[in-house]
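Colleague: Below are the sequence and a predicted model for it; my questions follow.
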Amino acid sequence: MNKKLSILTNGILKENPVLRLVLGTCPTLAVTTAAFNGLGMGLAATFVLVCSNIAISSLRKVIPDKVRLPAYITVIATFVTIVQMLVQAFAQDLYSALGVYLPLIVVNCIILGRAEMFASKNNVLDSALDGLGMGLGFTATLLVMASIREILGAGTFFGMRVLPEENCITMMGTPPGGFFTFGVLMALVVFIETKMGQRKKRAIGCEGCPSAANCQSKGACN
Amino acid sequence: MEKNLIVTASPHIVDRSSTRRLMRNVIIALLPCVVASAWIFGLRALLVEAVAVFACVAFEYLYCYLMKKPIPVGDLSAVVTGLILAMNVPVTLPLWMVVLGSFVAIVITKQLFGGLGFNLANPALMGRLVLFGSFTGAMTNWTFPRTISGTDALAGATPLVAGQTDPLPVLDLFLGVHGGVLGETCALAILLGFIWLVATRTISPAIPLAYVGTVAVLALVFVGPSHVMLHVLGGGLLFGAVFMATDYVTSPFTLKGKIVFGIGLGIITWAIRYWGNMAEGVSYAILLMNLLVPYINDLTRQKPLGGAKKK
């Protein structure tokens, strides 16, 4: 039971996909200008992540190793298309706000990364939990980042005004502000880990890689 | 005698220069600008400068105290950063924005990169640019002193904007009685500072001369002789060239590098002013060239005496 729980909570801080694995930074930086967009993007990616992890995990014995990446992409693209149609049908505002980043979930490294590193080697339940945990980590990161940027940059939170307009630090809503917030949050996660005594030694190579435990091709990327 | 026999790596000839001494020279060089800003824009200019200096020193002290690093406040570099930052904001800027700019300058641009000597960009410049990008309205809220020659053409813009069609009298430009940020308007004060800095050998004149010269030549070529003085004296060119582009940490070492740096600054400034849709390009030019400094240093390295050419 504990093991299942740790699979779920791994993605939230210790192996947070954005802040620790540094995957999926493109949508992270692009859509976090408003808290609503961040939340929407996070939930959409979580849905795709859980579904694709389940599908890929259940098909893991069928998919030939040589063509696994095209097969994963096909599975992921199917779910992304479903999400895209749903969002377009029921949340038109979000659809136009996310723009091209919604279909781009197909090539989001988090999803392909979890398929390759986790779902292809673990059973369906574990994979679903991993997808959910990673998705929640992604959503939480996006929400925190987008909240900071929206409150400081536009003076609003989910569209409600919290700061007077003339006092907004407009810079926070622009790409430099995005990179800045990203860096500060990454540093914060490392700080929390250090305080909790869980900090991994940052070495180059497999020892320094947060996904080393699940890695199939040890040493191949050095 | 014991003290004079120090066995270390070269250089063996040392003089009395220290960070503190150099920074003190820069502060002295900035004093004419401080006086001029108070004369042109009123006493609030002094308040803005005091707040910026105090905030910069306080942030430097606090950061180093919290991070348990040695406190470098005594080297006066934070004072210089604060003064230069204050020189880069208009007199009407709310004080909390000045404090925010100081935070960006000292904590984010300087200390997070490792403190004095490790920052990639000029701290005061980054403070200015973040303020400019964030509070464009407040940062371009110019006040307009009465001009000496009685010209009244300045409602709403700095001479660079207003002067495109009808350049201001050179006397007004030279004395700086026109809209702008605190330090940039009075060319006379900046020149006094420049002479002091060169006379005390605090800076080499290469960067300011190459920079201003390039802009002057480009102005002559592209818009003709009537606008040369406007482009040299109007806007932040002189202040940037003398006080910001010459920052030791963010400018090249060698004379050749300094000249390349100055010419690059001139070209970028001109490109932004002439082809871009902004009236002013000095800050972005300095920022861009700051980031190129490591490469310039690499490419303009001095050949050691008798050294062979690298294959």
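Modeller: Here it is on my side, so go on.
Colleague: Provide a list of residues in contact with the residue of the stretch 201-311 of chain B found nearest chain A.
Modeller: Residue nearest to chain A within the stretch 201-311 of chain B: B:Leu287 (11.3 Å; CB to the nearest CB). Just so you know, the C-beta spots here come from the backbone N, C-alpha and C atoms, and that holds for glycine as well. Taking CB atoms under 8 Å, 6 or more residues apart in numbering or on different chains, we find B:Leu287 in contact with B:Ala121, B:Asn122, B:Leu125, B:Met126, B:Leu129.
Colleague: With B:Gly176 instead?
Modeller: B:Gly176 neighbours (CB under 8 Å, 6+ apart): B:Ala36, B:Ile40, B:Glu184, B:Thr185, B:Cys186, B:Ala187, B:Leu188, B:Ala189.
Colleague: Going by distance to chain A, which of the residues you listed wins?
Modeller: Sorting those by distance to chain A puts B:Glu184 at the head of the list, at 21.7 Å, by CB to the nearest CB.
Colleague: residues near the closest one, how many?
Modeller: Neighbourhood size, B:Glu184 [other CB atoms under 10 Å in any protein chain shown]: 26.
Colleague: before we move on, back to that, selection in ChimeraX covering whichever of the contacts of B:Gly176 are buried, please.
Modeller: Here is the ChimeraX command that picks out the buried ones among those, judged by 16 or more other CB atoms under 10 Å in any protein chain shown:
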select /B:36,40,184,185,186,187,188,189
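Colleague: Take the contacts of B:Gly176 and keep only those in helices.
Modeller: B:Ala36, B:Ile40, B:Ala187, B:Leu188, B:Ala189 (DSSP state H).
Colleague: Report the buried residues of stretch B:22-39.
Modeller: In stretch B:22-39, counting by 16+ other CB under 10 Å, buried: B:22-26, B:29-30, B:32-34, B:36-39.
Colleague: Same check on stretch B:244-262?
Modeller: Within stretch B:244-262, judged by 16+ other CB under 10 Å, the buried ones are B:244-247, B:249-252, B:254, B:257-262.
Colleague: cool, and stretch A:162-182?
Modeller: For stretch A:162-182, the neighbour count (16+ other CB under 10 Å) marks A:Cys168, A:Ile169, A:Thr170, A:Met171, A:Met172, A:Gly173, A:Thr174, A:Gly177, A:Gly178, A:Phe180, A:Thr181, A:Phe182 as buried.
Colleague: How many residues are close by the closest residue in space to the third one that isn't next to it in sequence?
Modeller: Here the nearest residue to A:Thr170 in space, its sequence neighbours aside, is B:Ser134; by CB to CB, 6 or more residues apart in numbering or on different chains that works out to 4.7 Å. Burial of B:Ser134, expressed as a neighbour count using other CB under 10 Å, amounts to 25.
Colleague: thinking B:Ser134 is in contact with A:Gly173, fair?
Modeller: No. Using CB atoms under 8 Å as the test, B:Ser134 is too far from A:Gly173 to be in contact (9.3 Å).
Colleague: Centre-most residue in the chain?
Modeller: Let's take chain A. A:Phe138 (3.4 Å; CA atoms, centre = their mean).
Colleague: my bad, the chain I had in mind was chain B
Modeller: Nearest to the geometric centre of chain B sits B:Met244, at 2.2 Å (CA atoms, centre = their mean).
Colleague: circling back to that earlier point, for the residue nearest to the centre of chain A, give me its contacts.
Modeller: So A:Phe138 contacts A:Gly11, A:Asn16, A:Pro17, A:Val18, A:Gly24, A:Gly42, A:Ala45, A:Thr46, A:Leu49, A:Ile110 (CB under 8 Å, 6+ apart).
Colleague: next one: A:Leu142
Modeller: Residues counted as contacts of A:Leu142 (CB under 8 Å, 6+ apart) are A:Val18, A:Pro27, A:Thr28, A:Val31, A:Thr32, A:Gly38, A:Leu39, A:Met41, A:Gly42.
Colleague: Mind telling me what element the third one is part of?
Modeller: Same thing as A:Thr28. Using DSSP states H and E, A:Thr28 sits in helix A:25-31.
Colleague: Return the set of buried residues in that helix.
Modeller: So helix A:25-31, judged by 16+ other CB under 10 Å, has buried residues A:Thr25, A:Pro27, A:Thr28, A:Leu29, A:Ala30, A:Val31.
Colleague: near chain B, which of those show up?
Modeller: Counting by CB under 8 Å from any CB of the partner chain, nothing from the buried residues of helix A:25-31 sits close to chain B.
Colleague: Return the member of these nearest to B:Ala55.
Modeller: Relative to B:Ala55, the closest of the buried residues of helix A:25-31 is A:Leu29; by CB to CB it sits at 29.7 Å.
Colleague: Tell me the pLDDT of the closest one.
Modeller: Per-residue pLDDT puts A:Leu29 at 90.
Colleague: Next one: the spatially closest residue to it that is not a sequence neighbour relative to B:Asn122, how far apart?
Modeller: Nearest residue to A:Leu29 in three dimensions, chain neighbours excluded: A:Gly178, at 4.4 Å (CB to CB, 6+ apart). Applying CB to CB, to the nearest Å, one obtains 23 Å for the distance of A:Gly178 from B:Asn122.
Colleague: repeat for A:Phe47
Modeller: 46 Å.
Colleague: higher neighbour count, the two?
Modeller: Neighbours were counted for A:Phe47 and for B:Asn122 using other CB under 10 Å; B:Asn122 has more, 29 against 20.
Colleague: State the next helix or strand along the chain beyond the helix or strand where B:Val98 lies.
Modeller: Per DSSP H and E: B:Val98 is located in helix B:95-103. Moving toward the C-terminus from helix B:95-103, the next helix or strand (DSSP H and E) is helix B:123-134.
Colleague: Return the set of buried residues in the next helix or strand after that next one.
Modeller: Next helix or strand after helix B:123-134 toward the C-terminus (DSSP H and E): helix B:136-139. Residues B:Ala138, B:Met139 are the ones in helix B:136-139 that count as buried (16+ other CB under 10 Å).
Colleague: so does helix B:136-139 get close to chain A?
Modeller: Yes. Using CB under 8 Å from any CB, helix B:136-139 reaches chain A at B:Thr136, B:Gly137, B:Ala138.
Colleague: quick one: which of the buried residues of stretch B:244-262 is nearest to A:Arg68?
Modeller: Using CB to CB, the buried residues of stretch B:244-262 come closest to A:Arg68 at B:Thr250, 49.0 Å.
Colleague: And what about that closest one, helix, strand or coil?
Modeller: coil (DSSP: H, G, I helix; E, B strand; the rest coil).
Colleague: mind listing what it touches?
Modeller: Contacts of B:Thr250 by CB under 8 Å, 6+ apart are B:Asn119, B:Leu120, B:Ala121, B:Asn122, B:Asn290, B:Val293.
Colleague: which one of those residues has the most neighbours?
Modeller: Busiest of the contacts of B:Thr250 [other CB under 10 Å] is B:Asn122, holding 29 neighbours.
Colleague: can you pull the pLDDT of that one?
Modeller: So B:Asn122 comes in at 91 (pLDDT).
Colleague: Can you give the distance from stretch B:124-141 to the centre of its chain?
Modeller: 15 Å (CA atoms, centre = their mean, to the nearest Å).
Colleague: Phi first, then psi, for B:Thr254.
Modeller: phi -90, psi 160 (degrees, to the nearest 10).
Colleague: Check B:Thr246 too.
Modeller: According to degrees, to the nearest 10, B:Thr246 has phi -90, psi 0.
Colleague: That one contacts B:Ile203, doesn't it?
Modeller: Yes. Taking contacts as CB under 8 Å, B:Thr246 lies within contact range of B:Ile203: 4.4 Å.
Colleague: Need the overlap of contacts for these two.
Modeller: B:Leu197.
Colleague: Show me what from chain B comes close to chain A.
Modeller: B:Leu100, B:Ile108, B:Val130, B:Gly133, B:Ser134, B:Phe135, B:Thr136, B:Gly137, B:Ala138.
Colleague: rerun that using 7 Å as the cut-off
Modeller: On the criterion CB under 7 Å from any CB of the partner chain, chain A has as its neighbours in chain B the residues B:Val130, B:Gly133, B:Ser134.
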